[in-house]
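J.: Next one to model:
(2 chains)
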Amino acid sequence: MYIWKKVALTTAFAALSGTTAMAACGIDAGRVSIVGNEFPAIHTVAKGAAACAGDAVDVKSNLTADHQKINVAGMQGNPAEYTTAIIANSSVVTLINEDVVRPLDDLVAAHGADIPKNQLITIDGKIYAVAFMANAQTLAYRADALAKIGMDVPATYEDMLAAAEKMRAMGVAENPVGGAYKAGWNLAEEFVNMYIGHGGEFFTPGTAEVAINNAQGVASLEMMKALTAYMNPDYLTHDSNATNAEMEAGNVMLMNMWGSRMGSLMDDEGAEAMVYENIKVGAPMTVAGGSTPATTLWWDGWSVAKNISDEDATATFIAMKNGTSPSILNDETMSQAVWMIDGYTPAPVNDGVFAAISMNAQPYPMLPFMGLLHTAAGDNIAEFLQGKESAEQALADIEAAYSAAAREKGFLQ
Amino acid sequence: MKHKTFLWFVLPSATAMLLFIFLPLVSIIIQSVYVSHDQVIITVENCGPFGCRESTMIDQEATEALREGNPLGRFAGATTYLDRGHLAVTEVSEAWSASQNWRDFGSQMLNLPFYKALAFTLTYTFVVTPLVIIFGFMIAVAVNSALKNLRGPLIFISLLPMIINPLVGSLILFWMVDARGIVGAALQEFAGNPNLSIKASTPLMWIMLMVYGVWHSAPFAFIVYYAGLQTVNTETVEAAMIDGASRTQRIRYVVLPHLLPLTTFIALMQLMDNFRVFEPIVSFAASAHATSLSWAIFNDLGGETRQLSSAAATSVLTVAWIIVLLTPVLIRTWRDFGRK
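T.: Residues are numbered from 1 along each chain as shown, chains lettered A, B, ... in the order given. Next up, the predicted model:
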């Protein structure tokens, strides 16, 4: 599959550079090297940037799920290997902390006057990234399964539990609930969602002191454990890909899934017609009577490396601007994401993300020490879900693991 | 060999060892005693597609000067080694005084990441190493007594697990033991429990990882033993046969003593290899059930914020443990060498 994609991409690149060598990107010379995550929308952006390649303009990209393991190291050299990193709200702070990305104010003034202001990511008055798509985890459900049990689309996690119980009792599915609960990043992300849904605050405001060992923290973990009772017993090994596969296989009826992955769930590949025709996207769920949905809003955007020449920075800026311009939108790319690009018309697969925005979902915290808490949570929740320790103990372990890491990184004294 | 010839002979490998083993070792030791500078945190306004909000960030200008003067960070001595992520001195002494009995103390220790990883790593090492030696020897004897024409294909098949990339090999096994895979489904049938899942049970996952370890490494022991079997003195074997020794007795009193130095060699290699068990934990997505020291290092470096000092400290502790494990074997080799 992966190789196939690569081949397709290379062919697309070749076709593009063949036909659009004269593309009026307005770059004479420079080097553009992209590092980013690997999913359809990002491929589209990289392809759009590659359209600027020319005789003296070299555009290449390295798109991989492990991008965040290599982007800092690849941008620390001088000159940096990667001239741009496609990042999200969680990772931009890491790049800023490591001082490897440049403020874009001068480049925006010179070449990006037409970029809408809401796409510019401004931190302390300086522009550090340009966002091009929005993402959020929302409900995916099987309309036929809900019809069988005669229940409405769940609006809260409590509804989801009730529906799951009824589906199991009526024999619709043995394990009707899905979730990306793989120990590590995915599991921590689900905790972040649930904790925000319960109205929790991760840190004492204005400090790096963690504060999750509280009633909301316990309630979040209890809800996650209640959900796992209706999941495939292997849930701790299921990431987004595996959970999607379970839904396409017709085993999962309800799950919380990324908006950017709904397209592949609802298309006619990888599933029977009975399954994919009935998969629908719903709004993110709330929990415990709260009004904030238990999800986080994400943006994906691009930044420009600091340790490169001004010529390369300009070339990178213009190429990436081209890669996220209205010209990349066509019938195929339109439904790949919630694009923040002029000319974008929402498709039904994107309803969930729009609902998340309109319900005032919170953005994933853009804090320099959030990554450490995320790692600590990913390592310490599984033992609670397996019934080896109490929720309080799990939360205390997360806090202790975070504090040790934060002391090492200089956030706590 | 003349000293000069010897020098030229070992120079390439000595240079490679210096560059790729010694210098990185020095580097992680230095890295492990430094931590990041104190970060100056300021409250700023962040704006993006979802509106503006107050947030905190690092004051780059304030930390710039500190970084310039001391790019390695702040000297911390053994702090990182003693913190909760590693030796956890405070937590261990608290657990010691708070626990009523050994069982309680043990479970509190296993809640600490370093000791949890160490427990699995040591169990894995001491279960897999002997099994690899036993199975490797058995396969070697079996292949050696097979028909000459069959030996080539048999050797090839026996070596396959080692030829296959560890990540791929463990992924294959991972799918086979899935509840819907051939091994997983067979186990459910055998146990009469349709909900039995290897991936959901800690003891089964540990067993699975060790089975994988033996499967992957036994060919190594096999090929070394097989080479050794070709050098067994046939006259001694024949003499033993004339004396009426059975096949078992010949293996016990002739072949095994002959292969003892090889056993030491395999034990040495396998102790080192098994102590850095890593790939199967990633491929089996087993981190919820079992972690190893190498996995802990990987996990420190894999987050959005890389914890270099923590990873370096775990690396140094891993090296220290390997030295402890290898010392008895090395002393034995040294004695054997001296005797000759």
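
J.: Name the helix or strand for residue A:395, please.
T.: helix A:391-408 (DSSP states H and E).

J.: Please enumerate residues in contact with that helix?
T.: A:208, A:210, A:212-214, A:217-218, A:221-222, A:225, A:369, A:372-373, A:375-377, A:379-381, A:383-384, A:389, A:412-413, B:35-36, B:79-80, B:83-85, B:91, B:111, B:113, B:305, B:307, B:309-310 (Cβ atoms under 8 Å, 6 or more residues apart in numbering or on different chains). In short, each C-beta sits where N, CA and C put it, glycine included.

J.: for stretch A:63-78, same thing?
T.: For stretch A:63-78, the surrounding residues in contact (Cβ under 8 Å, 6+ apart) are A:34-38, A:42-43, A:46, A:62, A:80-82, A:85-87, A:91, A:94-95, A:98, A:100-101, A:305-307, B:301-302, B:304, B:306.

J.: which of those residues count as buried?
T.: Neighbour counting with 16 or more other Cβ atoms under 10 Å in any protein chain shown marks A:34-37, A:42-43, A:46, A:62, A:80-82, A:85-87, A:91, A:94-95, A:98, A:100-101, A:305-307, B:302, B:304, B:306 as buried within the contacts of stretch A:63-78.

J.: list the contacts for residue 318?
T.: I went with chain A, as the question did not name one. Residue A:318 makes contact with A:25-27, A:52, A:111 under the criterion Cβ under 8 Å, 6+ apart.

J.: nope, chain B please
T.: Counted by Cβ under 8 Å, 6+ apart, residue B:318 has contacts B:275-276, B:293-294, B:297.

J.: do you know how far it is from chain A?
T.: Using Cβ to the nearest Cβ, to the nearest Å, residue B:318 is found at 18 Å from chain A.

J.: Taking helix A:391-408 as reference, get the angle to the helix or strand harbouring that residue.
T.: Per DSSP H and E: residue B:318 is located in helix B:308-339. Helix B:308-339 runs at 90 degrees relative to helix A:391-408, counting by axes from the mean of the first three to the mean of the last three Cα atoms, to 10 degrees.

J.: still on that earlier bit, in helices only, show me the contacts of residue B:318.
T.: Taking DSSP state H, the ones among the contacts of residue B:318 that sit in helices are B:275, B:293-294, B:297.

J.: Next one, pLDDT for the residue nearest to residue A:119 when sequence neighbours are not counted please.
T.: Nearest residue to residue A:119, sequence neighbours excluded (Cβ to Cβ, 6 or more residues apart in numbering or on different chains): residue A:131, at 5.0 Å. The model reports residue A:131 with a pLDDT of 94.

J.: try residue B:298
T.: 92.

J.: Confirm for me that it is in contact with residue B:279.
T.: No - counting by Cβ atoms under 8 Å, residue B:298 sits too far from residue B:279 to count as a contact (10.2 Å).

J.: Helices of the stretch 151-300 of chain A, residue ranges please.
T.: For the stretch 151-300 of chain A, the helices defined by DSSP state H, counting those that start in this stretch cover A:157-169, A:185-197, A:215-228, A:240-248, A:262-266, A:273-276.

J.: Return the set of buried residues in the helix holding residue A:395.
T.: In helix A:391-408, counting by 16+ other Cβ under 10 Å, buried: A:391, A:394-408.

J.: Can you name the residues that contact residue 246?
T.: The chain I'm using is chain A. By Cβ under 8 Å, 6+ apart, the contact set of residue A:246 is A:178, A:232, A:238, A:252.

J.: at 6 Å what do you get?
T.: Contacts for residue A:246 were tallied using Cβ atoms under 6 Å, 6 or more residues apart in numbering or on different chains; they are A:178, A:252.

J.: and the gap between the residue nearest the centre of chain B and chain A?
T.: Ranked by distance to the mean C-alpha position of chain B (Cα atoms, centre = their mean), the top residue is residue B:276 at 1.9 Å. Remark: distance between residue B:276 and chain A (Cβ to the nearest Cβ) = 19 Å.

J.: For that residue, give me phi and psi.
T.: As for residue B:276, its main-chain torsions (degrees, to the nearest 10) stand at phi -100, psi 40.

J.: Spatially, and excluding backbone neighbours, which residue is closest to it.
T.: Distances taken as Cβ to Cβ, 6+ apart place residue B:294 nearest to residue B:276, at 4.7 Å, with adjacent residues excluded.

J.: Count the neighbours of the residue nearest to residue A:119 for me.
T.: 25 (other Cβ atoms under 10 Å in any protein chain shown).

J.: which ones are touching it?
T.: A:119, A:121, A:299, A:301, A:340, B:49.

J.: pLDDT score assigned to the nearest residue to residue A:366 once chain neighbours are set aside?
T.: Residue nearest to residue A:366 in three dimensions, not counting chain neighbours: residue A:89, with 5.1 Å by Cβ to Cβ, 6+ apart. You'll see residue A:89 listed with a pLDDT of 87.

J.: pretty sure residue A:89 contacts residue A:364?
T.: Yes - with contacts counted by Cβ atoms under 6 Å, residue A:89 reaches residue A:364, the gap being 5.2 Å.

J.: Helices of the stretch 51-200 of chain B, residue ranges please.
T.: Along the stretch 51-200 of chain B, counting by DSSP H, counting those that start in this stretch, helices occupy B:60-69, B:79-82, B:89-98, B:102-109, B:113-144, B:148-163, B:166-176, B:182-191.

J.: To residue A:189, which of those helices lies closest?
T.: Of all those, it is helix B:113-144 that lies closest to residue A:189, at 20.2 Å by Cβ to Cβ.

J.: Could you list the low-confidence segments of chain A?
T.: Chain A contains residues with pLDDT under 70 at A:1-24.

J.: re the thing from before, could you list everything the residue nearest to residue A:119 pairs with in the sheet?
T.: Counting by DSSP bridges, residue A:131 forms beta bridges with residue A:301.

J.: tell me which parts of the stretch 1-150 of chain B are close to chain A?
T.: For the stretch 1-150 of chain B, the residues in contact with chain A (Cβ under 6 Å from any Cβ of the partner chain) are B:35-39, B:43-44, B:46-50, B:55-58, B:83-85.

J.: from what I can see residue B:166 touches residue B:279, true?
T.: Yes - under the criterion of Cβ under 6 Å, residue B:166 lies in contact with residue B:279, with a separation of 4.0 Å.

J.: Give me the secondary structure label for the nearest residue in space to residue A:333 that is not next to it in sequence.
T.: Of all residues beyond its chain neighbours, the one nearest residue A:333 is residue A:44 (4.7 Å), with distances taken as Cβ to Cβ, 6+ apart. Under DSSP: H, G, I helix; E, B strand; the rest coil, residue A:44 falls in the helix class.
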